[in-house]
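Engineer: Any chance you could fold what I've pasted below:
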Amino acid sequence: MTVTLTLRARLRELPVAAAAMACLLSFVAFWMAQRAANVTMLDLSVYRAEGETVLAGGDLYAMRATSANLPTTYPPFAALLFTPLTLLGVPEMRTLATAGNLLLLLALVHLSLRLVGRDRPGTALWVAAVLVWCEPVWTTLRYGQINLLIAVAVLWDLTRRENNRWAGVGIGLATAVKLTPGLFVVLLLVVGVARARAGGWRRGWHPWLRQAATATGVFLGVTVASAVVLPYDSRRFWTEMIFETSRVGRKEETANQSLNGVLARLLHTTDPGVWWLLAAVVVGVAGITVAVLAALRDDRPVAVVACATTALLVSPISWSHHWVWCVPMLILLATRVRPAWTAAAALVFASFALWWVPHAPAPVRLELDQNGWQMLLSGLYTLVGLSLLAAFGVRHRRAGQAVANE
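Structural biologist: Next up, the predicted model:
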């Protein structure tokens, strides 16, 4: 009997061991490919320069770093978080960042599977082995970006038990580093108020409302603390820099996969102006409505992915590496739609198609002269995002009509 149980246990471990080996081999191949491509990790170098500037008492938003002359774009709290990078040499920093991001990808896949209720032993390893080759993940590691960390912090909150006292902390910290996760606070707030009103406020704060309050409190707390440590930089960011989106980059760049970028290329202009504002308002309202309706129907996976997609679409600039949210997006699609649709969406993110069109660094503006096919290729992420929100909206409208007809 003991021998039989031991044999069964070992047989169950075989798929997990195979998944671990496949994931390890894929990650090693990825690491070697990145080194062969001579990735520069420019953004990581900027983070390190921000930490050095803070420690030296310099002007954070006058700083320029790397051969690309890149400025600081995040709130002061982010610069304070980057100060430990100054303790490392550049080679050690790059190695640690690559290893850390690969582990964060595993965490993101694990949390995404938990979100859709498909977290099985070994599954995250198989999925991570494949998704590490998606363009948003590749580009995140190429630049040494923090997108995976932001996504993990948000999903960590949204996959906790509703009564978890720490739920909301991750979103609050993520918003203090990078403002776009703040849309998740709006989602939590609206759903929490709607649920609380439906219950007549008799049961006290709804968990989603409590999470919204926690996220807001954490955001305000670390932002105020940063202002105490860096008063001049904080005043400059919240009164000046926050409105200067040009510091982040050119709107028409192919890498900009937001509505703003697509409209800039479509209209052959460096600033779509009111057209982007109108599109952002319409898509923003529609997207958050879809997310709220999904949450009210207890469809948390759709609510989370719809909210993330909306934030990416309406942001003035959403670089292709910001779309690491394709990880939970693809995992959700794999559980809800036909394999062909999932494969098509995966092909968009794995094909690197947006880089097949003419593009060049400043001051050259090749993106302003794209033809129809080139515009299509350089707007694929945005088209996938809009299609996804539309599909979610239609699905939940049909579900609502079905309930009304019963």
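Engineer: give me the low-pLDDT residue ranges for the stretch 301-406 of the chain?
Structural biologist: Low-confidence segments of the stretch 301-406 of the chain, defined by pLDDT under 70: 361-363, 399-406.
Engineer: For the closest residue in space to Val283 that isn't next to it in sequence, grab phi and psi.
Structural biologist: Once flanking residues are discounted, Val283 sits nearest to Leu313: 5.3 Å by C-beta to C-beta, 6 or more residues apart in numbering. For every residue, glycine as well, the C-beta is placed using N, CA and C. With angles defined as degrees, to the nearest 10, Leu313 sits at phi -70, psi -40.
Engineer: residue contacts, Leu313?
Structural biologist: 258-259, 280, 283-284, 287, 382, 385-386, 389 (C-beta atoms under 8 Å, 6 or more residues apart in numbering).
Engineer: any idea how far Pro76 is from the residue nearest to Pro84 when sequence neighbours are not counted?
Structural biologist: Closest residue to Pro84 apart from its sequence neighbours, by C-beta to C-beta, 6+ apart: Gly51 at 7.2 Å. Counting by C-beta to C-beta, to the nearest Å, the gap between Gly51 and Pro76 amounts to 12 Å.
Engineer: What of Ala303?
Structural biologist: Distance from Ala303 to Pro76, by C-beta to C-beta: 31 Å.
Engineer: Same check on Arg197?
Structural biologist: Distance of Arg197 to Pro76, computed by C-beta to C-beta: 37 Å.
Engineer: neighbour count winner among those two?
Structural biologist: More crowded of Arg197 and Pro76, by other C-beta atoms under 10 Å: Pro76, with 29 against 10.
Engineer: I figured the more buried one hits Tyr232, correct?
Structural biologist: No. Applying C-beta atoms under 8 Å, one finds Pro76 not in contact with Tyr232, separated by 9.4 Å.
Engineer: so who does His206 touch?
Structural biologist: 191-193, 195-196, 199.
Engineer: ok, back up a step: for the contacts of Leu313, which one is nearest Asn371?
Structural biologist: Looking at those and their distance to Asn371, the nearest is Thr382, at 17.5 Å (C-beta to C-beta).
Engineer: ok, for the closest one, nearest residue in space, not its chain neighbours?
Structural biologist: Nearest one to Thr382, counting by C-beta to C-beta, 6+ apart, is Val262 at 4.8 Å.
Engineer: so the one you found is in which element?
Structural biologist: Per DSSP states H and E, Val262 falls inside helix 259-267.
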